[in-house]
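Asker: Just a sequence and a predicted model for now, questions to come.
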Amino acid sequence: MKFLVINGVNLSRTGAREKGVYGEETLEQINAELGAFAHAHGHEAEFFQSDVEGEICARLGQADGNYDGIVLNAGAYTHYSYAIRDAIAGIRVPVVEVHMSNVHAREEFRKKSVLTEVCKGEILGFGKNSYKLALESFWL
Ligand code: DQA
């Protein structure tokens, strides 16, 4: 199967920002491990990161019909981007929402996701392994 892993706003600073919350590894390192994980299971993963809401929407639109699944960590956009929500609702590729942190154990505003309703499912709170668990959900 072929997957697309999308990381949204501020995720490019993983490994540098709030290390106690998001860990010490860079997004590049996390993606490399994830790509190898997919490959080891006979699958293929591509990666995209953008801080720009419209670019994420455009990438979701382009993904339509071209992937078996999408793993999406939209970062803070999760909590208020109706544009990303509509982009997900408008494609046929199933999307799994991911968060490294347990958003329910943090600030009040993080408890609400406007994306979950249009996603296949949600995985959160397992650090970088949230991405692996989300990928795995497509073939288990
Ligand atoms: C995050 C949680 C969001 O609330 C936050 O804005 C992020 C990262 C996570 O992976 O835990 O940037 O999506």
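Answerer: Sure thing, it's come through.

Asker: can you give me the mean pLDDT across the lengthiest helix in the chain?
Answerer: Longest helix of the chain, by residue count under DSSP state H: helix 27-40. Averaging pLDDT along helix 27-40 gives 98.

Asker: just stretch 78-93 next, same as before
Answerer: On average, the pLDDT along stretch 78-93 is 98.

Asker: Start and end of it, how far apart?
Answerer: Its first and final residues considered, stretch 78-93 spans 18 Å by C-alpha to C-alpha, to the nearest Å.

Asker: Asn129: neighbour count?
Answerer: 16 (other C-beta atoms under 10 Å). For every residue, glycine as well, the C-beta is placed using N, CA and C.

Asker: separation between it and Ser12?
Answerer: Distance of Asn129 to Ser12, given as C-beta to C-beta, to the nearest Å: 20 Å.

Asker: Any idea what the most centrally placed residue in the chain is bridged to?
Answerer: With distances taken as C-alpha atoms, centre = their mean, Leu72 lies nearest the centre of the chain, 2.2 Å away. Following DSSP bridges, Leu72 is listed with bridge partners Ile6, Glu97.
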